[in-house]
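Enquirer: what shape does this take:
(chains A and B)
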Amino acid sequence: MSQPRPPRVAEWLLAGRMQPDERASVLGDVEEQFHEQVRTAGVWRATLWYWQHTIGLMWGLWWWTPRPAWSRGRVMAMDDVRYAVRRLRKQPLTSLVSVATLACAIGAAAATWSLVSSLMLHPLNVTEPERLFEIGYRRNATSAPTSGFTYPASRMLLDAGLMPMAAVGSIGSPTPLLVQGAGDARVRAVRFASPNFLDVLGLNPTLGRFLSEAEDRPGEPLVAVLSERFWKSEFNSDPGVVGRTIQVRDQPTRIVGVAPRGFRGLDLRLSPDLYMPLHTIDRVQPWDGLYSNRPPVHWVDLVGRLPGGVTPAQMEQRLNGLQLDWFGSTPEKTFVLTDVETAALSEGARTDFRQFSRLLGTTVALLLAIGSLTVGMLLLMRTEARGGEFAMCMALGASRLRLASGVAIEGIVLAVAGGLLALPVSQLMFAGISTFELPGDIRVSLLDLSLNTRVLAGVVTAAVASVVLIASLASVFALRRDHGDVLRSHTGATPRITRRRSRAALVSAQVAVTLVLVTGAGLFARSVSRALSLNPDFDTTKVLWGGGENLTRYGYEPPRAKAFFEEFRTRLAQHPAITALAFSESNSGTGAIHIDGESQKMPSSVRLIGIDDEYLRTIGLPMLTGRTFARSDGTGAAPVAIVSASLARAIAGEGSALGRRIAAPGLQVPDTEVVGVVPDIKSPGSLEPLAWYMPRRQYSAPMYPGSSGPRLVVRASGNSDAAAAAVTATMRAIDPAIYPEPIKTLDTRILEGLGPQQFGMTVMGALGTIALLLSVLGTFVVAESMAVLRRREMGIRAALGARGSHLRSLLLTDTLRLVGAGLLAGFALSWLGAGMIRVFLFQVEPFDPFVTGGVAALIIVMALGVSLRPAIAAARIDLARVLRQD
Amino acid sequence: MPRTALGDVEHFVLIALLHLGDDTYSVPILAEISRRTGREVAQAAVYIALRRLEEKGLVLSRLGEATALRGGRAKRHFKLTPAGRKQLRDAREAFVQMWAGAENLVKKAPR
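Expert: Residues are numbered from 1 along each chain as shown, chains lettered A, B, ... in the order given. Sure, this is the predicted structure:
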C-alpha cells in the first residue's frame, strides 16, 4: 500500500516560513510526526493535525522570534489583531458565515483562474515555447495545414538537419496500450518519441533520464519514461521507480526515468502516460510497420526549435527548398510551421474555451460579489450593534480613525482566514471538476491542475482590499452617528428610528446574483435533460453501442475474424447480463443520393448502415411505417432499405417514402427500394440523422474498403455497466490480445458530448446553492432586525385595533419588496449575460420561462418562509410590554 | 538579567538533552519535555529555544541521515557543549540556593 503524504500546500506554506538552513530538518520532523499520527489516528486526522500544526508552527516561529526595536509597531498591531480575533469569536456564527463565504469565493476564483491560465496562458510547460514549432504541410494553397508524416518522409526531414527536430510517433493519438504498472493492467496512452524529444523542448526529466540513442533501435529491450502524472498516480511518486519493470502489452519494459513536472505533452486533449523509443513501436503495436508508407501507418509528428535569428517564414522557405523524394508528394505541397502553443489546441476549441472561460469568470465574479456583499452586511450589523461601545469610546477620547482601524482589522482577519480556508476549497474544486470535459474535448483530469500561488495571492489581496473597503464604509456608517444620541438611548430616551436601507440594498443585490447563478445552473440542467430525452422511442439507458472492432489490427484475416465474431456472438448471447445483441457496419456517408434515378443533394451526410436481423429488435426501434427486413431479403434478392424518419422526409417530404427507389453510386450501392421507416436515433450533434439501413447479408462484409469492422449493439438485462463488463470479458476470453473499444449507452455518449454543460451545471449549481443560502440568511437577518426596530410601531398599531394578520402582512410586504427589487435587478443581469450562456444551451433559450419563473418562485418562497417567524412575533407584540422594556 | 540567562523552555530543552544524551533531535526532545513536565510545549518554542541555545554556544548541531519516513529529509542532531553543561549546573545551583529554607513555606501556604 502506498504511503500517505502530508498535505502539500501546508508543507509549502511551512517551508516558506523556515530559514533555509533549518527548512529540511523541521519539515522532516513534522513529516515524521505526521506518519506517527497516521499510524495512531488515520490519514484524515493526521492531515488535519498537519494543518493545525503548520499554522501553530508558523505563528509560533513568528511570535517567539526576537524582533528589533523598529518593529514594535507591528507588535502593537498584533494586539489589535488579537482583539479583533476575540471580538470575532464572540459572534461565532456570523464570523463563520463570513469566513466560509469568502473561502468559497476566493477558492472558486483562484481555481478558475488557475484552470484558465493553464489552458490559455501557459498551455505547455516547455522552455521558450515561442521558438518551438510543429512542422506540417498544406496539400495545396487553399487547404488547411496538416501535421503527421509517414516515417520515411519524417526521416528525410530529420536528416536534412535544418534545425533541432524531434519525432513523436502515434496512430492518430497517443497509442492506447495495456500497461501494467504497480496496480492492475489498464489501457494507457503511450507516445513513441525520438531520444532528443526533451532536449528539443528544453526540459529535463524529474528522475532518471530520457530515452537514449542505443535504446531507440529495433530489437532493443523495451524501456519507458513515465509521465509525472502516471508516476504519481501509479507509483505514488516513489523515488525508487527507475529500474523497475512494467508490462506494456505483456512485454517487460524497464523504467528509465520520469518526465518533467507539469509536462503534459504537446496536445491538450491528450496526455501521454508513457514515452517509449520511436523505433520500438513495431514491437508493441504490430501494424504494417513503422517503415511503411502504406496505410495503416504510424504517423510521425515533428517538432523543431528555431535557431536564434531565424524567423518561421525563413525556416518554411528553407524546408520548401529541400529536394525531397517525398512519398505521394505533389508540387503544390508546402511546409507550414505552427507554434506549439497554437497547435496544442485547435482554433475551434480555443474559441469555445474562450467563451466558456468568460462564462466561468463571470460566474466566479458574481460569487465574489455575493461574498463581499455578505461580509459587508455582517460587518455592517456588527458595527451597528457596537454603536453604544463606539459612542462610549469616543466620549472617553478615542479617535474615529482608531475605531475605524479596529473595524478594518476585523475585515482583514476575516479575509485572511477566508484566504487560508480557500486552499482546501480550491483543492476540493479541482477534485470535483476532474471528471468533466471542457469545450474542445479537454479532459480536466489530464491537466494536472494545481493552484497557481500567484493567482491565489492576487485573489486574496483583492479580497482583503474589498473587505477593508467594505469595513471602512461600515465604520463610516457606524461612526457618523451622533454618540450623544446613542448614549441617551441607554438612559431611557428614545433614539431616532432609522430604516435599515443599506442592509436591504445588500440583500436585494444578493437576491439578484442568486437569481443569475441558480437560473444558469437550471438552464444547463434543462439542456442536459432535453438532450437525454431526444429519443423517446427506445430505452437509451439499456442499449449499449460499441466502437467498430477492427480485427485486422490484431493480424486477423477475414475468415478468422468471421469465426471470432460467431464465437463471440454465441458466448455473449448466453450471458445473463445481456438480453439481445446485434451487429452493424457503417462507414462515412455520402452528401448526395439518387432518388428515383435523380441525384439529389441531402441536407446532411447520409450514413449507410448494414444491419443484421436482430439490430432493430435489440435497440427496440419500432417500425413507423412499412415492414422490417425479412429472411427473403438475402443475397440475390432485390435490394431493400429501411430509412430513418428524417431521411424519409428528405426523400418524400410529407408524402410516403415507401416504394421509393434510392441509390448511392459513389459507394457502389445499387438502386434500392425503401420498404420501411424507423424513428431517428438522435444526439445533440445530429438532430436529424439521415440513416439508411441495409440488410447486412445482401452485401459481403466488409461492405466497402476501409470499414472499421462490425459495431456491436447489446441490450442489457439489468445494469448497463455489467453488460459492458460482460462484453469486454467475453471478447478477451476468446483472444486475450484484444482490447475492445469501450461499449456505452446512448445516454453516456450524449453526456460525454455535453461536458461543458455538465461542468456549468455543477459549478453554477454549487455556487448558486451557496448564493441562495446566503440570500436567505440575509433576508432573515433583515426581517428580524426590521421586526425588532418596528416593535413600538407594531405595538401602537395593535393598540389602535390593527389585526395580527394585517401586521404580519406589513412585514412580509417589506420582505417581498426587497426580494422583488433583487429579482428585477437579477432579470436585468440575466438579460445582459444572455449572449454568454446562449452558445452552450441545447434546445433551451436563456429566458426559459420554466427555469426563470421556477427560480424566482423558489427565492420568493424561501424568503417569505424565513421572514414568517419575525413577522408572527411582531404581530403578537404587546405595546405595554414594549413601553416597559424601553 | 544577563544575556545568557535561560528561559523556561531553554532550561527544559537543556535538561532534556542531558536525559536523552548526545545526538538527539527535536521530536524526542519535545516528547521528553511533555512526558516529564506534563506540559504541552509548542514545537515552535522548542525550535526557537534550540536556535537561541546554539547562538549562545550552549548546544551544537549537525545534520544527520535522511530517512524515507521523513520524506527523504535529514535530521538535525543536537548535543550539549561544555558551556551548556556549565550553564545548567550554575542554573541548578542558583535554584538550590534560592530554594534553601523555602520548601516548608510552600508546603504551608494555603491553596
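Enquirer: which SS class is the residue in the stretch 601-750 of chain A positioned nearest to chain B?
Expert: Of all residues in the stretch 601-750 of chain A, residue A:739 sits closest to chain B, at 36.1 Å by C-beta to the nearest C-beta. Every residue, glycine included, has its C-beta placed from N, CA and C. Classification of residue A:739 by DSSP: H, G, I helix; E, B strand; the rest coil places it in coil.
Enquirer: in chain A, what residue is nearest chain B?
Expert: For chain A, C-beta to the nearest C-beta, closest residue to chain B: residue A:60, 2.5 Å.
Enquirer: residue A:241: what's it in contact with?
Expert: Residues in contact with residue A:241 (C-beta atoms under 8 Å, 6 or more residues apart in numbering or on different chains) are A:207, A:226, A:231, A:235, A:255, A:258.
Enquirer: and the closest residue to the fourth one other than its chain neighbours, how far from residue A:626?
Expert: Take residue A:235 and drop its neighbours on the chain: the residue closest to it by C-beta to C-beta, 6 or more residues apart in numbering or on different chains is residue A:241, 4.8 Å away. According to C-beta to C-beta, to the nearest Å, residue A:241 stands 63 Å off from residue A:626.
Enquirer: please save the CA atoms from the longest strand along chain A in PDB.
Expert: If you go by DSSP state E, chain A has its longest strand at strand A:598-611. The C-alpha coordinates for strand A:598-611 follow below in PDB (Å, rounded to 0.1, in the frame of the first residue of the first chain):
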ATOM      1  CA  GLU A 598     -32.200  11.600 -60.000                       C
ATOM      2  CA  SER A 599     -29.200  12.800 -58.000                       C
ATOM      3  CA  GLN A 600     -30.200  14.900 -55.000                       C
ATOM      4  CA  LYS A 601     -28.100  16.800 -52.500                       C
ATOM      5  CA  MET A 602     -29.000  16.000 -48.900                       C
ATOM      6  CA  PRO A 603     -29.200  18.500 -46.000                       C
ATOM      7  CA  SER A 604     -26.500  16.500 -44.200                       C
ATOM      8  CA  SER A 605     -24.500  13.300 -44.700                       C
ATOM      9  CA  VAL A 606     -26.500  10.100 -45.200                       C
ATOM     10  CA  ARG A 607     -25.000   7.300 -43.200                       C
ATOM     11  CA  LEU A 608     -25.200   3.800 -44.700                       C
ATOM     12  CA  ILE A 609     -25.500   1.100 -42.100                       C
ATOM     13  CA  GLY A 610     -25.500  -2.600 -42.800                       C
ATOM     14  CA  ILE A 611     -27.500  -4.300 -40.000                       C
END
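Enquirer: pick out the residue nearest the middle of chain A.
Expert: residue A:436 (3.9 Å; C-alpha atoms, centre = their mean).
Enquirer: what does chain B give?
Expert: Taking C-alpha atoms, centre = their mean, the centroid of chain B lies closest to residue B:13, which sits 1.2 Å from it.
Enquirer: the one helix or strand that residue maps to and chain A, are they touching?
Expert: Taking DSSP states H and E as the definition, residue B:13 sits inside helix B:8-20. No. Helix B:8-20 is not in contact with chain A by C-beta under 8 Å from any C-beta of the partner chain; minimum separation 8.8 Å.
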